[in-house]
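Participant: my questions are about this predicted structure, shown below with the sequence.
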Amino acid sequence: MKSPMKFLVLTFIMFSVSLTSFAQDKIIPASELPNEIKSYLSKHFPNNSILQAQVDKELFSTSYEVILQDNFSLEFDSKNRVTDISGKSQLPNSVIPKSILEYVKSNYPNNIILDWELDDKNQQIELDNGLDLEFNMQGAFLRIDG
């Protein structure tokens, strides 16, 4: 009984190590970012230069992380779609879906949005008062995420 269990554990560890070793995070010049990402950045962050660009190559996907001047950080998925935007100051209104922006202006008029994130089912934002708000994919408010 011990021998098959040891074999399974060792096999799992070797498989995990091989997957981890395949993952590559590499700093790249901004010029090597995909055109869709460069267009997104120039449209929504025209006054923020790129401080660092990184490509994350996994077994089945490639994603990108970009750090901009003024402490903005963005993540893009394997289809070059933005999935996460974080900042130390207010995010540009143009990166926030209109319905979410209107909800925040109506319900939290004295607060600003510092973070926006997209996952498989929902969107989340963080306000400068520390509240995390969750919305569905259409931008309808769901709940305060605690």
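Facilitator: The structure has been received and is ready for your questions.
Participant: helices along this structure, start to end?
Facilitator: 2-22, 35-44, 98-107 (DSSP state H).
Participant: where among those helices is the average confidence lowest?
Facilitator: Among the helices of the chain, helix 2-22 carries the lowest mean pLDDT, at a mean of 54.
Participant: excluding its backbone neighbours, what's nearest the most centrally placed residue in the chain?
Facilitator: Nearest to the mean C-alpha position of the chain, by Cα atoms, centre = their mean, lies residue 84 at 2.4 Å. Spatial nearest neighbour of residue 84, chain neighbours left out: residue 75 (4.0 Å); criterion: Cβ to Cβ, 6 or more residues apart in numbering. Using the backbone N, CA and C atoms, a C-beta is placed for each residue, glycine as well.
Participant: so what's that neighbour up against?
Facilitator: Counting by Cβ atoms under 8 Å, 6 or more residues apart in numbering, residue 75 touches 63, 64, 65, 66, 82, 83, 84, 85.
Participant: could you rerun that using 7 Å?
Facilitator: 63, 65, 83, 84 (Cβ atoms under 7 Å, 6 or more residues apart in numbering).
Participant: among those residues, which one sits closest to residue 49?
Facilitator: Of all the contacts of residue 75, residue 65 has the smallest distance to residue 49: 15.8 Å, by Cβ to Cβ.
Participant: rewinding a little: distance-wise, check the residue nearest to residue 84 relative to residue 99.
Facilitator: Residue 75 is 22 Å from residue 99, where distance means Cβ to Cβ, to the nearest Å.
Participant: good, wrapping up.
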